[in-house]
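Colleague: Got a predicted model here, sequence first, then my questions.
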Amino acid sequence: DSSLVWFRRDLRISDHAALYYALKQSKQVYCVFVYDRDILDALIADGLQADRRIDFIMACIAELDAALRAAGGALIVRHASAQQDIPALAAELGVDAVFTNHDYEPQAIKRDATVKNRLEKDGRQLLTYKDQVIFEKDEVLSLAGRPFSVFTPYKNAWMNKLSGPGGDFYLKPYPVDAYFAQLAPPSKKYHKALPTLEDLGFLPSNLKDLRIPTGMSGAAQLLEDFLPRLGKYGDTRDFPAIKGPSYLSVHLRFGTISIRTLARAAVDAMRIGEGRRGAPVWLSELVWRDFYFMILFHHPRVAERSFKSDYDAIQWEGGKHARDMFARWCEGRTGYPLVDAAMLQLNQTGYMHNRLRMVTASFLTKDLGIDWRWGEKYFADLLNDFDLSANNGGWQWASSSGCDAQPYFRIFNPITQSEKFDAEGKFIRRYLPQLAGLPDKHIHAPWLCPADLLKATGVKIGKDYPEPMVDHAEARKRTLLRYAVVKKDL
Ligand code: FAD
C-alpha cells in the first residue's frame, strides 16, 4: 500500500496529477526526483558545464523539498541513471507502484518503457497520468478520428471540447492538499542533504544575476505580474522592448505551475470580459503548446526530419563557409541589428522573445541557407525554456518544413521586421550599446546610414559593428531557388 511519486518536469506540490492519485490510492507516499545522468552527462559532454537550467532546477528542487517537508513529507533526491535507479529505489522502499506524469518526447517515452518493464518484472506497476497539457494525444481529433496537422481546426476542436458539456472538468485543479497525511515522513536514510552543483559536475551560471524568479513561488509571482497585463497581450506581445508576454515558459517547462491554473486564468478573464482582447490570444498560445506536444507524440520522426518529408531534399549550405556563417549567427555578428540583439539576448539570458525567435530562425534558414537543425540544436542548448516539441515546431515553422508552417516563399525581411517591431530601436540599443547613438530611423540597417550622420555618432561599420554578412534581396533569390525542389508541394 505504499507508492513512489517520481517528479520530472512537474516540480510543484499543488494541482499535480500523479501526486494526487498516489496520495489518494496509497497509505504511504514517497517522493523522488532524479538528476538523470543520462541527460546531465550528455550536457557536460556537449560542453554545457554552466547551464542556467541546472541552477533553475536546483532552486525549484529546494523549494519543492521545503514544501513537501512543510506538508509532512520530504523529497528523495538522487543523482543517477533514472531508468536504473527508479526500479532499484522502488524495490528498496518496497512500494507497490511508481506514479508519474506523461512525457511526450521520444527519449522519455523510451526511458519510461524501460522503467515500466523493470518494475513489472519485480511485480510493481508504473502508473502514468496526463498533467502537463490540457488535452493530449488522442483527446482532440478530427471528425474522421485522426490527429490534426493544421492548427486552426485543432484549436477550434480544442476550444469546443473545453466549452462543451463537462468541459470545466479539464481545468479543475487536483486537490492534493487534502491528502498530505499520506506523505512518508523524512528519514535519515533517504532524505539526505540536497546535492550541490559541484556534486552534479556543473559550474554556476549567471542565473542569479538575471533575477529570474524560480520555483513555485517564482511562477506565482510572474503570473500575478502578468494578469493585469493580460488584456493588452494581443497588442503588446510582438514588441520585444515592451513587457508584453508572461515570461512563464521556463515555469511551464519545469512544471512549477500547472497548465490548468494558467488556462483557467485565461478562460476566467475571457468570461468576465476583463482582458477580453488579450486573453483569447494568450490562450491560443497555450493551445499551440498542446498542439506541438500532440504532433511530437504522433510524429516522433520530426525530432530528426522534416514533418513534410519532401523538404528533406533541400540542399543546405555546407562546409567551412556554412560553419563560419553559423558561428556569426550564434555570436550575434550578422550585421543585422535586430538579429544580433536577439542572439545576444539568448546568449546572455537564455530567453528570447517569440517575435525574435521567428526572425532569427528565418534569418538562419532563409538568409543564410543553413539547415534548421543547426539552429534548433543551438536553441536547445541555450533556451531556459527549451522544450523539444515547441522548439522543433518553431524551427520547422520558420523553415517551412513543419506542419502548418509558414509557406516557403514567405521570407521575413530582417530590416522591415526591425522597423515594425522595434521602431525606436529600444531593444536593439539594450543589447548593442555601440549603436545607441544612431538615429532611430537608421538603427535597423546601420550600413545604409548617411556617412555624415554615421560620422557624428562615432560608429565605424566594419569595426565597432559588422557589415551585413549577406544582402537580403540576393539571399531571398537564392532561397527561392533552394526551395524550388518543394514547389510541387503547393
Ligand atoms: P507567452 O507569450 O506568455 O506565452 C505563454 C506560453 O504559451 C509560453 O510560455 C509557452 O509555453 C506557450 N507558447 C507560446 N508560444 C508558443 C509556440 N509558438 N509554441 C508552443 N508554445 C508556445 N517555446 C518553448 O516553450 N520552448 C522552446 O524551446 C521554444 N522554442 C521556440 C523556437 C522557435 C524557432 C520559435 C519560433 C518559438 C519557440 N517557442 C518555444 C515558442 C515561444 O517563442 C515561447 O514559448 C515564448 O517566447 C515564451 O515566452 P513567454 O512565456 O513569455 O510566452
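Modeller: On my side now, so go ahead. Residues are numbered from 1 along each chain as shown.

Colleague: domains of the protein?
Modeller: For the chain, automatic domain parsing gives the domain ranges 2-131, 132-173+214-298, 309-485.

Colleague: how about TSV for the ones you listed, with mean neighbour count, distance to the ligand and mean pLDDT added?
Modeller: In this view, the C-beta of every residue, glycine as well, is placed from N, C-alpha and C. Output for the domains of the chain, formatted as TSV (neighbours: other C-beta atoms under 10 Å; distance: least, C-beta to the nearest ligand atom, whole Å; pLDDT from 0 to 100):
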stretch	mean neighbour count	distance to the ligand	mean pLDDT
domain 2-131	19	11	97
domain 132-173+214-298	18	3	95
domain 309-485	19	2	96
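
Colleague: Output those as JSON lines; include the columns distance to residue 205.
Modeller: What follows is the domains of the chain, written out as JSON lines (distance: least, C-beta to C-beta, whole Å):
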{"stretch": "domain 2-131", "distance to residue 205": "4"}
{"stretch": "domain 132-173+214-298", "distance to residue 205": "12"}
{"stretch": "domain 309-485", "distance to residue 205": "8"}
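
Colleague: So which of these is nearest residue 189?
Modeller: For residue 189, the closest of the domains of the chain is domain 2-131, at 9.4 Å, according to C-beta to C-beta.

Colleague: Next, the distance between the ends of that closest one.
Modeller: 22 Å (C-alpha to C-alpha, to the nearest Å).

Colleague: ok now that domain, how far from the chain's centre?
Modeller: 20 Å (C-alpha atoms, centre = their mean, to the nearest Å).

Colleague: likewise stretch 367-387?
Modeller: Worked out by C-alpha atoms, centre = their mean, stretch 367-387 lies 12 Å from the chain centre.

Colleague: Check the separation of the first and last residues in it.
Modeller: End-to-end for stretch 367-387, by C-alpha to C-alpha: 25 Å.

Colleague: Please shift the residue numbers so they start at 10 in all later answers.
Modeller: Yes, from this point I'll number from 10; that puts the last item at stretch 376-396.

Colleague: Contact partners for residue 259?
Modeller: By C-beta atoms under 8 Å, 6 or more residues apart in numbering, the contact set of residue 259 is 65, 221, 359, 360, 393, 394.

Colleague: for the strand ranked longest in the chain, packing partners?
Modeller: When the chain is scanned for its longest strand (criterion: DSSP state E), the result is strand 37-45. Packing contacts for strand 37-45, counted by 3 or more C-beta pairs under 8 Å, 6 or more residues apart in numbering; DSSP states H and E, involve strand 11-16, helix 26-34, helix 61-79, strand 84-89, helix 91-102.

Colleague: got the contact list for it?
Modeller: Contacts for strand 37-45 (C-beta under 8 Å, 6+ apart): 10-17, 20, 28, 31-32, 66, 70, 73, 77, 82-91, 94-95, 98, 102, 104, 191-193, 199, 204, 209.

Colleague: cool, stretch 136-152 as well?
Modeller: Applying C-beta under 8 Å, 6+ apart, the contact partners of stretch 136-152 are 18-19, 25-27, 30-31, 106-113, 121, 156-157, 162-163, 166-167, 170-171, 179-180, 261, 264, 267-269, 272, 295, 298-299, 302-303, 306-307.

Colleague: what about 7 Å?
Modeller: Contacts of stretch 136-152 with the rest of the structure, by C-beta atoms under 7 Å, 6 or more residues apart in numbering, involve 18-19, 25-27, 30, 106, 108-111, 121, 156-157, 162-163, 166-167, 170, 179, 264, 268-269, 272, 299, 302-303, 306.

Colleague: my guess is residue 182 contacts residue 272, does it?
Modeller: No: assessed by C-beta atoms under 7 Å, residue 182 is found out of contact with residue 272, at 11.1 Å.

Colleague: how about the helices in the stretch 310-459 of the chain?
Modeller: 328-340, 346-358, 363-371, 381-391, 397-407, 423-430, 435-440 (DSSP state H, counting those that start in this stretch).

Colleague: relative to helix 381-391, how tilted is the first one?
Modeller: Pointing back at helix 328-340 there. Angle between the axes of helix 328-340 and helix 381-391 is 40 degrees (criterion: axes from the mean of the first three to the mean of the last three C-alpha atoms, to 10 degrees).

Colleague: Please compute how far helix 328-340 lies from its chain's middle.
Modeller: With C-alpha atoms, centre = their mean, you get 25 Å for helix 328-340.

Colleague: One more: the last one?
Modeller: Average the C-alpha atoms of helix 435-440, do the same for its chain, and the two points are 24 Å apart (C-alpha atoms, centre = their mean).

Colleague: May I have it as CSV, with CA atoms only?
Modeller: The C-alpha coordinates for helix 435-440 follow below in CSV (Å, rounded to 0.1, in the frame of the first residue of the first chain):
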residue,chain,number,x,y,z
LYS,A,435,14.9,50.3,-27.9
PHE,A,436,15.5,46.6,-27.9
ILE,A,437,18.5,46.9,-30.2
ARG,A,438,20.1,49.6,-28.0
ARG,A,439,19.7,47.4,-24.9
TYR,A,440,22.0,44.7,-26.4
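
Colleague: Check which element follows it along the chain.
Modeller: helix 460-466 (DSSP states H and E).

Colleague: tell me the angle of the helix or strand that comes right after that following helix relative to helix 423-430?
Modeller: Counting by DSSP H and E, the next helix or strand C-terminal to helix 460-466 is helix 481-491. Comparing the axes of helix 481-491 and helix 423-430 via the same axes, to 10 degrees yields an angle of 110 degrees.

Colleague: Tell me who's in contact with the closest residue to residue 200 other than its chain neighbours.
Modeller: In this structure, residue 200 finds its nearest non-sequential neighbour in residue 83, 4.4 Å apart by C-beta to C-beta, 6 or more residues apart in numbering. Residues counted as contacts of residue 83 (C-beta under 7 Å, 6+ apart) are 74, 77, 195, 200.

Colleague: Equivalent analysis for residue 230, please.
Modeller: Residue 230 neighbours (C-beta under 7 Å, 6+ apart): residue 222.

Colleague: where does it fall, phi/psi-wise?
Modeller: The phi and psi values for residue 230, taken as degrees, to the nearest 10, are phi -60, psi -40.

Colleague: Which residue, other than its chain neighbours, is closest to residue 291?
Modeller: Residue 291's closest residue in space is residue 242 (C-beta to C-beta, 6+ apart), at 4.8 Å.

Colleague: Make sure residue 290 is actually in contact with residue 241.
Modeller: No: contact criterion C-beta under 7 Å: residue 290 and residue 241 do not qualify, at 10.0 Å.

Colleague: so what's the closest residue to residue 334 other than its chain neighbours up against?
Modeller: Leaving aside its chain neighbours, residue 334 sits nearest to residue 377 (4.9 Å; criterion: C-beta to C-beta, 6+ apart). Neighbouring residues of residue 377 by C-beta under 7 Å, 6+ apart: 326, 334, 338, 479.

Colleague: same deal with residue 309?
Modeller: residue 115.

Colleague: Check the spacing between it and residue 391 real quick.
Modeller: 24 Å (C-beta to C-beta, to the nearest Å).

Colleague: again, but for residue 400
Modeller: Counting by C-beta to C-beta, the gap from residue 400 to residue 391 is 11 Å.

Colleague: Thanks a lot, see you next time.
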